[in-house]
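>>> Here is a sequence with its predicted model. Questions after.
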Amino acid sequence: MKVIITEKAKRNLIDLFDYNAKISLDYALRMDKKIRAYIETLQYFQYIGRYVPEIPSKQYRERICDKFRIIYFISEKENTIFVRYIIATRQNSNLLFEVNT
């Protein structure tokens, strides 16, 4: 399957990097690399993630990467995975999700 990182998820990734870089550039670089590696594996193992508790659609799944959630939508019709959000696990996700199936 093809993996597409949406603009919102790209912005999330940049924001996380910027925030972490203020604390430690080394940590920010390591986390960015690790998150991108998790995303890359989705093309081969799209069902590896669990269902997202806040979203009723079973086409949404998530992978946990350290303190971050990678939330993605599986479109069998388009043979594509859309990475929708990359957020900290402690964030209030109910305010963030815009479910468009």
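Structure's in. What do you need?

>>> Isn't S75 up against V83?
No. Applying Cβ atoms under 8 Å, one finds S75 not in contact with V83, separated by 11.9 Å. C-beta here means a position set from N, CA and C on the backbone, and glycine is covered the same way.

>>> So for those two, which sits in the more crowded spot?
Using other Cβ atoms under 10 Å, the more surrounded residue of S75 and V83 is V83, with 23 against 15.

>>> Might one say that the more buried one is in contact with E7?
No. Using Cβ under 8 Å, V83 makes no contact with E7, being 10.6 Å away.

>>> Next, the residue nearest to the spatial centre of the chain: secondary structure please.
Residue closest to the average C-alpha location in the chain (Cα atoms, centre = their mean): I70, at 2.2 Å. For I70, the assignment made with DSSP: H, G, I helix; E, B strand; the rest coil gives strand.

>>> For stretch 26-35, buried residues please.
Of all the residues in stretch 26-35, those buried under the rule 16 or more other Cβ atoms under 10 Å are A28, M31, D32, I35.

>>> As CSV, those residues with distance to L42, secondary structure and pLDDT would be great.
Shown next, in CSV, are the buried residues of stretch 26-35 (distance: Cβ to Cβ, whole Å; DSSP: H, G, I helix; E, B strand; the rest coil; pLDDT from 0 to 100):
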residue, distance to L42, secondary structure, pLDDT
A28, 22, helix, 95
M31, 17, helix, 95
D32, 16, helix, 96
I35, 12, helix, 97
